[in-house]
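# This is a predicted model, with the sequence first.
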Amino acid sequence: MYKLAAFAALVGSAAAFAPAQTGRVATDLAVSELELGVTEPLGVYDPLGWLETEPEAFERRRAVERKHGRVAMAAVVGTIVHQNDIEFDGYLSPSANLKFSDVPNGVDGIRAIPTAGLAQILAFFALVELAWMPASKYDGDYGVGYFGTEVKDPEEK
């Protein structure tokens, strides 16, 4: 049994030294293999075949994925800050006598926010989604730069 396991390990490790298979994925859009988002050994990763079946929606899906990634990064930073008890001074809702420091960490924090506050948050999300960062802006340049700086040079973008 030991010899069989050693032989299997030897044969399996020999595949690591085989030359890499190179191939191109043929698509109607002719997506560049050198473009950002293309995984090196896989090429264009399209497991559901949407490039072939719905090529007109590809650019929109890419723009939406880019925007959702940016929102997710901001959400992670917000979670890290809140979990480390870094909070604003003052009141979240003066009428409900609710301070920022009274909001619990984690998922329970959403239950502590008054309904009017949740409505304001959703209205802000709608403003960002429809006006400031619309999904129809496929190039991903929303004019905000990084850390609030404006990048004017097209080569730097």
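Yep, it's here.

# and V103, how many neighbours does it have?
Applying other C-beta atoms under 10 Å, we find 16 residues neighbouring V103. For every residue, glycine as well, the C-beta is placed using N, CA and C.

# can I assume it is in contact with I113?
Yes: counting by C-beta atoms under 8 Å, I113 is a contact partner of V103 at 7.1 Å.

# list residues touching both of those two?
L92 (C-beta atoms under 8 Å, 6 or more residues apart in numbering).

# What is the longest helix of this protein by residue count?
Ranked by number of residues, the top helix in the chain under DSSP state H is helix 58-83.

# G106 looks like it's in a helix, true?
No: G106 is assigned coil when assessed by DSSP: H, G, I helix; E, B strand; the rest coil, not a helix.

# Now do it against M133, distance only.
Distance from G106 to M133, counting by C-beta to C-beta, to the nearest Å: 27 Å.

# neighbour count winner among the two?
More crowded of G106 and M133, by other C-beta under 10 Å: M133, with 18 against 9.

# Which parts of the chain are helices?
Using DSSP H, helices in the chain cover 2-14, 50-53, 58-83, 108-112, 115-127.
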